[in-house]
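Asker: Got a predicted structure plus its sequence, pasted below:
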Amino acid sequence: MRSRRLAVRRKAGLAAPALLQLMRLASPSLPVGGFSYSDGFEAAFEAGLVGAEAPALAWLLDQLHLGIARSDLAVVAHATRAWKRRDEARIAKLNAWVATTRETSEWRLQSEQMGRSLAQWLRQHDVPDARLPALAALTPAPTWPVAFALAGAAAGAPLRHVLIAFAAGWAENMTQAAMKAIPLGQAAGQRILAGLSQAIPGVVAGAARLPFDDMQAFTPMLAILSSQHEEQYSRLFRS
């Protein structure tokens, strides 16, 4: 009987409240300040590496496959599972991994600021999640992927949907960053977003299966550009 109910639920798709919550989490309007960061894209533009639509899309696809998939998305996958079983020791380990593998100070500050802001947003819910004190207690601060994982777990959405929402939010913010930095028009922005969207399902599937010991944060060119961005003379973005 239980298996039959589960089968019916799968056919029905994601419940509306969970879907709406994930849409809010993926939206650029989420009040965590994601729009103020470019994840190194602005520095890449300053260096002459992404001056048009095609190289911008190629750059972001590389960042998605070589960076986000192996680090932040994998952390969200592990942390979502850990939040669901209330494994606070595992959460602390994942949070420490994010904090210590950020390759520049601006990336670390970005992750911490966005994590704190999401924790604050979650506290404004009518019925705050009972796991929020554990999130707030993380040191030096809740990081963005770990905080997002709790928001996804609290929505009651399947892991795959949580990961897609995280990747979609990143893609939206990065597309907006490319449009402002280069700049690009709305049509070009939509084409970039479409290209990223095509890649996201495969990236999500790989990140969901990635063991903890195989996670990595190793993007040397991006780290160099981020370091240069910290002292860049004129900037639109905070990273």
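Answerer: Cool, got the structure.
Asker: any weak-confidence spans in the chain?
Answerer: 1-12, 126-127 (pLDDT under 70).
Asker: 80 - rerun?
Answerer: 1-13, 125-128, 232-235, 238-239 (pLDDT under 80).
Asker: so where do the helices sit in it?
Answerer: 2-12, 16-26, 41-46, 53-63, 72-84, 88-101, 105-123, 132-136, 144-155, 159-181, 186-209, 220-229 (DSSP state H).
Asker: Buried ones in stretch 59-77, by neighbour count?
Answerer: Buried residues in stretch 59-77, counting neighbours by 16 or more other C-beta atoms under 10 Å, are found at 59-61, 63-64, 67-77. From N, CA and C alone the C-beta is placed, and that goes for glycine too.
Asker: now do stretch 217-228
Answerer: Within stretch 217-228, the residues that qualify as buried are 217, 219, 222-223, 225-227, counting by 16+ other C-beta under 10 Å.
Asker: same check, this time on stretch 43-58
Answerer: Going by neighbour count (16+ other C-beta under 10 Å), the buried part of stretch 43-58 is 43-46, 50, 53, 55-57.
Asker: Need the contact partners of it.
Answerer: 41, 59, 178, 181-182, 184, 188, 191-192, 195-196, 222, 225-226, 228-229, 232 (C-beta atoms under 8 Å, 6 or more residues apart in numbering).
Asker: end-to-end on that stretch?
Answerer: One end of stretch 43-58 sits 16 Å from the other (C-alpha to C-alpha, to the nearest Å).
Asker: Check the gap between the residue nearest the centre of the chain and Ala154 for me.
Answerer: Centroid-nearest residue in the chain: Phe166, 4.5 Å away (criterion: C-alpha atoms, centre = their mean). For Phe166, the distance to Ala154 equals 14 Å [C-beta to C-beta, to the nearest Å].
Asker: Also Ser105?
Answerer: If you go by C-beta to C-beta, the gap between Ser105 and Ala154 works out to 30 Å.
Asker: Neighbour count for those two, which is higher?
Answerer: Ala154 (20 against 12; other C-beta atoms under 10 Å).
Asker: What sits closest to Gln228 if chain neighbours are left out?
Answerer: Ala43 (5.6 Å; C-beta to C-beta, 6 or more residues apart in numbering).
Asker: Sorry, slip of the keys, the one I care about is Val203.
Answerer: For Val203, the spatially nearest residue (C-beta to C-beta, 6+ apart) is Ala69, at 4.6 Å.
Asker: which residues sit in contact with the one you found?
Answerer: 203, 206-207, 210.
Asker: If you rank the residues you listed by neighbours, which is first?
Answerer: Ala207 (24 neighbours).
Asker: Who are the contact partners of that residue?
Answerer: Counting by C-beta under 8 Å, 6+ apart, Ala207 has contacts 69-70, 73-74, 76-77, 163.
Asker: If we use 10 Å, what do you get?
Answerer: By C-beta atoms under 10 Å, 6 or more residues apart in numbering, the contact list for Ala207 reads 68-78, 159, 163, 166-167, 215.
Asker: Quick check: nearest residue in space to it, chain neighbours excluded?
Answerer: Going by C-beta to C-beta, 6+ apart, Ala207 has Leu73 as its nearest residue, at 3.7 Å.
Asker: Arrange the contacts of Ala69 in a markdown table, one row each, with distance to Ser117 as further columns.
Answerer: Conversion of those to a markdown table gives the following (distance: C-beta to C-beta, whole Å):
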| residue | distance to Ser117 |
| --- | --- |
| Val203 | 25 |
| Gly206 | 28 |
| Ala207 | 23 |
| Leu210 | 27 |
